[in-house]
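1. curious how this folds, go ahead:
(2 chains)
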Number of protein chains: 2
Amino acid sequence: MSLVVVGSVAFDSVKTPFGEVDEVLGGSATYFSTAASYFTDVSLVAVVGTDFPDKHLTFLKSRKIDIEGIEKSEGKTFRWKGEYGFELNEARTLDTQLNVFQSFRPKLPESYKDKKVVFLANIDPDLQRDVLSQVNEPALVACDTMNFWIEGKKESLLKTLKLVDILLINDGEARELSGEPNLVKAAHIIHDMGPRTLIIKRGEYGALMFQDNRIFSAPAFPLEAVYDPTGAGDCFAGGFMGYLSSTMNFEEAGIRKAIIFGSVMASFNVEAFSLDKIKSLDYKEIENRFQDFRRLTHFEDLT
Amino acid sequence: MSLVVVGSVAFDSVKTPFGEVDEVLGGSATYFSTAASYFTDVSLVAVVGTDFPDKHLTFLKSRKIDIEGIEKSEGKTFRWKGEYGFELNEARTLDTQLNVFQSFRPKLPESYKDKKVVFLANIDPDLQRDVLSQVNEPALVACDTMNFWIEGKKESLLKTLKLVDILLINDGEARELSGEPNLVKAAHIIHDMGPRTLIIKRGEYGALMFQDNRIFSAPAFPLEAVYDPTGAGDCFAGGFMGYLSSTMNFEEAGIRKAIIFGSVMASFNVEAFSLDKIKSLDYKEIENRFQDFRRLTHFEDLT
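-> Coordinates of the predicted model:
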């Protein structure tokens, strides 16, 4: 099957204790699509400026990502600049330039409208619903969001959440959205807002999945060399949704495996700046790291 | 089999956002022994003051803990006072009174000297080696430590580590001991100090085990009601060492299960102040939570 994603395509400038890059390819939808492309066909909805070079579009096409939905607008591409400390936990945003993203009104190409799996990356919740309304009969809808929308557009966000099967956010966002510091209690509150499944991303500590009264905990992969965490959450979502789209099995056992594939893609992504690592993986590497996750977490039925 | 533990028996005064207790039974060896007592016979080495009430000794005996090694000295029992914020991550120590602990010279009863499993809880590394030298032929030696000894008695601590099979410390301590922020790299450095197996406790994020080039990651159990994290690390160590002592299987598969039993005991402990929850568990509850951990972490071979 195939999925449609709406989100940002951007130029990132990133500094970590291990290096620095300037105006490299980034953006939530870029990371998401690239990670998902190892599992399923991806149709991308985004906006770029006239300064966006063809080589990046050529790269996306090389990953068999459908870019018909990338609109080129007069103006400059979205830019983000951030910095990480030695702990690599959280980015300090130095500069955000929305540019063409500011007046973006996503319009889905006809060929996108029958896609069954939809991922609404972290954008204005009004736009998330706008995109969703253009898809005819989605079988699975997931979304991401951030503090900016929780604080500034809560009513609109709550409308979006009513339409969503799976919400993927980080722990701080889950606490802020629910108003509850305990994540188990927060999950109950967020379930009542709409999403049957809540996935809480915890960076270097992995992810927690809450569905009905069941919880699944996945660690992050312990790595010796982490260079740049930018896009890790989006790669997690891409691997996760890509795998679900490839199997169309949305039962709990499938969701658990999808979370591991998401964790696999996030773990590769942090090993290099920009998309340098995930742009050209071998599927065998992905499968091997999936098995590494099994050895990392299982304490019974060891082989 | 049975194990011997040396550590503190204390009075704790603890305040969390969910309540407050004054001079209740605490101390690393108390938590450790109580948790371990569900799995194996425990022989306890510690010192208390003349103010230590018989009811606490009666409780320890009721858990079939051998208290012949608890010395009663003239003076007051060790006291600790701490406070936790809403996140319950780290205690803020308000007061520490070493009292009789200050001049403690542990002396093992004859009956303790042939024990095969030894746990050196977080005390002066000189005393840790002193205790260890009194055990005839230990088959497994594990220890805990803290920043205070890493900073103040590093040479002595390094001598202790050379004699130790398993080191259990938290992530901040692992970083400080190794001088390396990346935990995978830190583990290599600490291996070279002596311990073949390193277990890094990460509080609400669980534990990581490093042995040779293998890593095992165990989550903490997600709980709706956490009242008091005091003693969680010691209960983890108690469940872990207690299980190993009961099986005498120190292979990796056994260590993985032991880590889960440690996590189980820690998860019960934080559900109440002092030892209120772990003082009277049913072994069936422990087994059930072990199975809950399986459902929490496994993504293949689900039953």
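2. hey, let's count contacts and neighbours off CA atoms from now on
-> OK.
3. count the residues that sit near the closest residue to residue A:38 other than its chain neighbours.
-> Closest residue in space to residue A:38, ignoring its immediate chain neighbours: residue A:283 at 7.0 Å, by CA to CA, 6 or more residues apart in numbering or on different chains. One way to gauge burial is a neighbour count; for residue A:283, by other CA atoms under 10 Å in any protein chain shown, it gives 10.
4. let me know the pLDDT of residue A:283.
-> Looking at residue A:283, its pLDDT stands at 95.
5. for whichever residue of the stretch 51-200 of chain A sits closest to chain B, what are its contacts?
-> Sorted by distance to chain B under CA to the nearest CA, the residues of the stretch 51-200 of chain A start with residue A:184, at 5.4 Å. Remark: with contacts taken as CA atoms under 8 Å, 6 or more residues apart in numbering or on different chains, residue A:184 is in contact with B:222-224.
6. go again using 6 Å as the cut-off
-> Residue A:184 is in contact with residue B:224, counting by CA atoms under 6 Å, 6 or more residues apart in numbering or on different chains.
7. can you pull out the low-pLDDT segments for chain A?
-> Of all residues in chain A, those with pLDDT under 70 make up the ranges A:302-303.
8. which parts of the stretch 101-250 of chain A are strands?
-> A:117-120, A:140-144, A:166-170, A:197-201, A:207-211, A:214-218 (DSSP state E, counting those that start in this stretch).
9. next, give phi and psi for the residue nearest to residue A:38.
-> phi -60, psi -30 (degrees, to the nearest 10).
10. circling back: need the winner for burial among the strands of the stretch 101-250 of chain A.
-> The highest mean neighbour count among the strands of the stretch 101-250 of chain A belongs to strand A:117-120 (a mean of 26), with neighbours defined as mean count of other CA atoms under 10 Å in any protein chain shown.
11. list the strands paired with that strand, with their directions.
-> Counting by DSSP bridges, the strands paired with strand A:117-120 are strand A:2-6 (parallel), strand A:140-144 (parallel).
12. now do that strand: everything it contacts.
-> Residues lying outside strand A:117-120 but in contact with it, judged by CA under 6 Å, 6+ apart, are A:3-6, A:128, A:138-143.
13. before we move on, what about stretch A:198-208?
-> With CA under 6 Å, 6+ apart as the contact definition, stretch A:198-208 has outside contacts at A:166-171, A:209-210, A:216-220.
14. and the end-to-end length of it?
-> Taking CA to CA, to the nearest Å, stretch A:198-208 runs 8 Å from one end to the other.
15. name the element residue A:20 belongs to?
-> Residue A:20 is part of strand A:19-26, with elements assigned from DSSP states H and E.
16. picking that back up, now do the residue of the stretch 51-200 of chain A closest to chain B against residue B:122, distance only.
-> As judged by CA to CA, residue A:184 and residue B:122 stand 32 Å apart.
17. can you check residue A:138 too?
-> Going from residue A:138 to residue B:122 by CA to CA gives 56 Å.
18. ok but residue A:13 is inside a helix, no?
-> No: if the criterion is DSSP: H, G, I helix; E, B strand; the rest coil, then residue A:13 is strand and not within a helix.
19. residues from chain A in reach of chain B?
-> Residues of chain A lying close to chain B by CA under 6 Å from any CA of the partner chain are A:184-185, A:215-217, A:224, A:256-257, A:296-299.
20. please redo it, this time with the cut-off set to 8 Å
-> Residues of chain A found near chain B, taking CA under 8 Å from any CA of the partner chain as the criterion, are A:86-87, A:181-185, A:205, A:215-219, A:222-224, A:253, A:256-257, A:294-302.
21. those residues in helices, which ones?
-> A:183-185, A:253, A:256-257, A:294-297 (DSSP state H).
22. would you turn these into a markdown table with distance to residue A:287?
-> Formatted as a markdown table, the entries for those read as follows, by distance: CA to CA, whole Å:
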| residue | distance to residue A:287 |
| --- | --- |
| A:183 | 31 |
| A:184 | 31 |
| A:185 | 34 |
| A:253 | 17 |
| A:256 | 15 |
| A:257 | 12 |
| A:294 | 11 |
| A:295 | 13 |
| A:296 | 14 |
| A:297 | 16 |
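23. alright, I will stop here.
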